[in-house]
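Trainee: need a 3D model of the sequence below.
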Amino acid sequence: MNASCHVCSTPSFERNLFFHGKLLSSRDLRAEQEYFQEKRRLLNRMLHGCGVVCGLDVKVRRMSREVVTLTLEPGLALDGCGREILVCEAREHCLRVPKDDDAPCAPGDAREDRGRANREWVICLQYDECLREPVRLSPSGCDEAGAQEHNRVLDSYRLELRPYRERKDGCEPLCPLDEMKHGGCRDESAIPTWDAVLCHHKRRGCPSCQDGGCVVLGTIVIREDSRSAPPEQKCPPQAQAAGCADEPRPEGGDGEIAFQLDPCRGRRLVVRTEEIFELLRCLHDGLPRVVETNWQHLHRQKAVAWDAMRGLLDQRLEVCFDREMDPSTIDSLTFVVGMITVARGTGWRERRFVPGTVGVDANGKRAWFEPDPEWKRDELEGRNSELAHGADVEIVLHGSEILDKQGRALDGASIAFPQRPSGNGVQGGDFRTYFSVSPRPTH
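Mentor: Residues are numbered from 1 along each chain as shown. Alright, predicted model coming up:
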């Protein structure tokens, strides 16, 4: 990264102190501008980072081995120095494709990467300033020529092609799972909290954008099957390579070549708070949840009376959702009831699924499981019942497969159920409840 764009590129901030009678010079007025400008850019790069804020779509019209003609759409970006790059109207640009001598290998790059660099190019958007309104100054002495200054500076931009290289941010990943040590079950200190992870991460130093003043808008890949075509036309007079006019325009090359534009490869994004909120709302808010069941009073109990279980199965197992669900996703494969018994003689714990039918009401907010009548007669009343000696009951709704009418998966994690509806803010997850049933009375 450019050394002038790190956190302390301006090591201290000094502003004007105005008083009545103070003589103002160009130095004072420049300092007044630079104070607020550098403060804003510091906050831009430290709080928001660098990349495309919005827009700046690129459409490559044609390409030869010497010239790329593209259209840049309006948008906004922040470069690695925190400078805003604003494009307010769509414009066609003609860019030169650098030759081998113009694009030397960077330090540390393998020499064989040169061939790849000649096939893959990034479209680089850079901040630029254009001097406007020239002013001729009178000579200050008899033998001196008059000087020229400019009355305005226009914030602008320029485009160029650079060889593609993998971006190396130099930042360690921010994920507490990466820092968990083996044996965490024996040592709770091995599992860091979010506060500890953030504290440790921020102590390592301040963030930086390795691309410096270049905001990558996409990557052009020259296909291997490129063949020469009729020579292309020269760039039209209004198509220039940068926002500041009067630069040389590239001529047509030796014919068009086959290429592919990937507008997202290499493009770094600056994500606005509203966009993060909308993503979170889309992914985690408004998800369907289980709000009630008719067996929730039995959840996690260890010795449910036989008659209580029989009374429940004589009705049907009902579950209520807070959203209208897609009935086609709730069936005997996604709403299952299992009985876990201990095999006599071997002691094996065997899990068997209860046969039955699954139904959903008209509005999709209530579903039920009704055990098969013959199974109920055999297991609840029969002499050879497997359940007569007690069983663990497990009722599961497979949330990843049960969808609402908007196509969102059931947020099924039963973390605090029944005190609160199911869910942990993530689509999917099994809604699992269980209880243990005492043996059937012998009288």
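Trainee: can you give me the buried ones in stretch 304-314?
Mentor: Residues V304, W306, A308, M309, R310, L312, L313 are the ones in stretch 304-314 that count as buried (16 or more other C-beta atoms under 10 Å). From N, CA and C alone the C-beta is placed, and that goes for glycine too.
Trainee: so K302 makes contact with S436?
Mentor: Yes. Between K302 and S436 there is a contact under C-beta atoms under 8 Å: 5.0 Å.
Trainee: which of these two has more neighbours?
Mentor: Neighbour comparison, K302 and S436: the larger count goes to S436, with 16 against 9 (by other C-beta atoms under 10 Å).
Trainee: which element is that one on?
Mentor: Using DSSP states H and E, S436 maps to strand 430-437.
Trainee: which neighbouring elements make contact with that strand?
Mentor: Strand 430-437 sits against strand 391-398, with contacts defined as 3 or more C-beta pairs under 8 Å, 6 or more residues apart in numbering; DSSP states H and E.
Trainee: run through who's touching the strand it packs on.
Mentor: 290, 293, 295, 304, 309, 317, 319, 330, 333-341, 351, 369, 410, 412, 430-437 (C-beta atoms under 8 Å, 6 or more residues apart in numbering).
Trainee: of those, buried ones?
Mentor: 290, 293, 295, 304, 309, 317, 319, 330, 334-337, 339, 341, 369, 410, 412, 430-437.
Trainee: ok, back up a step: now tabulate the buried residues of stretch 304-314 in CSV and tack on secondary structure and pLDDT.
Mentor: Below are those laid out as CSV (DSSP: H, G, I helix; E, B strand; the rest coil; pLDDT from 0 to 100):
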residue, secondary structure, pLDDT
V304, strand, 93
W306, helix, 90
A308, helix, 91
M309, helix, 89
R310, helix, 89
L312, helix, 90
L313, helix, 88
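Trainee: tabulate those residues (JSON lines), appending distance to L217.
Mentor: Below are those laid out as JSON lines (distance: C-beta to C-beta, whole Å):
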{"residue": "V304", "distance to L217": "64"}
{"residue": "W306", "distance to L217": "70"}
{"residue": "A308", "distance to L217": "66"}
{"residue": "M309", "distance to L217": "65"}
{"residue": "R310", "distance to L217": "69"}
{"residue": "L312", "distance to L217": "62"}
{"residue": "L313", "distance to L217": "64"}
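Trainee: okay, now the unreliable bits of the stretch 101-250 of the chain?
Mentor: 101-118, 141-146, 167-192, 194, 209-212, 224-250 (pLDDT under 70).
Trainee: re the thing from before, how far off strand 391-398 does the strand holding S436 point, in degrees?
Mentor: In terms of direction (axes from the mean of the first three to the mean of the last three C-alpha atoms, to 10 degrees), strand 430-437 departs from strand 391-398 by 170 degrees.
Trainee: which residues does strand 430-437 contact?
Mentor: 290, 293, 295-296, 298-306, 309, 319, 387, 390-400, 410, 412-414, 417, 422.
Trainee: off-centre distance for it?
Mentor: On the basis of C-alpha atoms, centre = their mean, to the nearest Å, strand 430-437 is displaced by 35 Å from the centre of the chain it belongs to.
Trainee: returning to that earlier point: going by distance to P98, which of the buried residues of stretch 304-314 wins?
Mentor: Proximity of those to P98 was ranked by C-beta to C-beta; the top entry is L312 with 75.6 Å.
Trainee: give me phi/psi at C50?
Mentor: phi -130, psi 150 (degrees, to the nearest 10).
Trainee: and if you look at F277?
Mentor: According to degrees, to the nearest 10, F277 has phi -60, psi -40.
Trainee: please report how far it lies from P327.
Mentor: Per C-beta to C-beta, to the nearest Å, F277 is found 32 Å from P327.
Trainee: who has more neighbours, those two?
Mentor: P327 (16 against 11).
Trainee: run a quick neighbour tally on the residue nearest to M63 when sequence neighbours are not counted.
Mentor: Once flanking residues are discounted, M63 sits nearest to F259: 5.0 Å by C-beta to C-beta, 6 or more residues apart in numbering. F259 is flanked by 18 other residues according to other C-beta under 10 Å.
Trainee: let me see the ranges of the helices in the stretch 251-400 of the chain.
Mentor: Here the stretch 251-400 of the chain has its helices, by DSSP state H, counting those that start in this stretch, at 273-284, 306-314, 373-381.
Trainee: name the helix or strand for R162, please.
Mentor: Following DSSP H and E, one finds R162 within strand 148-163.
Trainee: for that strand, which outside residues touch it?
Mentor: With contacts defined as C-beta under 8 Å, 6+ apart, strand 148-163 is touched by 68, 70, 72, 84-87, 93, 95-98, 103, 117-118, 120-137, 214, 220, 241-244.
Trainee: R223 contacts F259, doesn't it?
Mentor: Yes. Using C-beta under 8 Å, R223 is in contact with F259, at 6.2 Å.
Trainee: which ones are touching C206?
Mentor: H6, V7, M46.
Trainee: if we use 6 Å, what do you get?
Mentor: V7 (C-beta atoms under 6 Å, 6 or more residues apart in numbering).
Trainee: how far away is it from G80?
Mentor: 13 Å.
Trainee: one more: G399?
Mentor: Distance from G399 to G80, by C-beta to C-beta: 43 Å.
Trainee: picking up where we left off before, could you tell me the angle between the strand holding S436 and helix 306-314?
Mentor: Counting by the same axes, to 10 degrees, strand 430-437 points 140 degrees away from the direction of helix 306-314.
Trainee: mean confidence score for strand 430-437?
Mentor: Averaged over strand 430-437, pLDDT sits at 95.
Trainee: could you check the angle the top helix by length along the chain makes with strand 148-163?
Mentor: In the chain, assigned by DSSP state H, the helix with the most residues is helix 26-43. Interaxial angle, helix 26-43 versus strand 148-163 (the same axes, to 10 degrees): 20 degrees.
Trainee: mind giving me the domain ranges of the protein?
Mentor: As assigned by automatic domain parsing, the chain contains the domains 3-104+114-134+148-171+207-270, 180-204, 290-437.
Trainee: now render these as TSV, adding distance to R281.
Mentor: Formatted as TSV, the domains of the chain follow (distance: least, C-beta to C-beta, whole Å):
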stretch	distance to R281
domain 3-104+114-134+148-171+207-270	19
domain 180-204	21
domain 290-437	11
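Trainee: so F369 touches Q315, yeah?
Mentor: No. Checked against C-beta atoms under 6 Å, the pair F369 and Q315 is beyond contact range at 10.6 Å.
Trainee: list the contacts for D326?
Mentor: D326 makes contacts with L403, K405, as judged by C-beta under 6 Å, 6+ apart.
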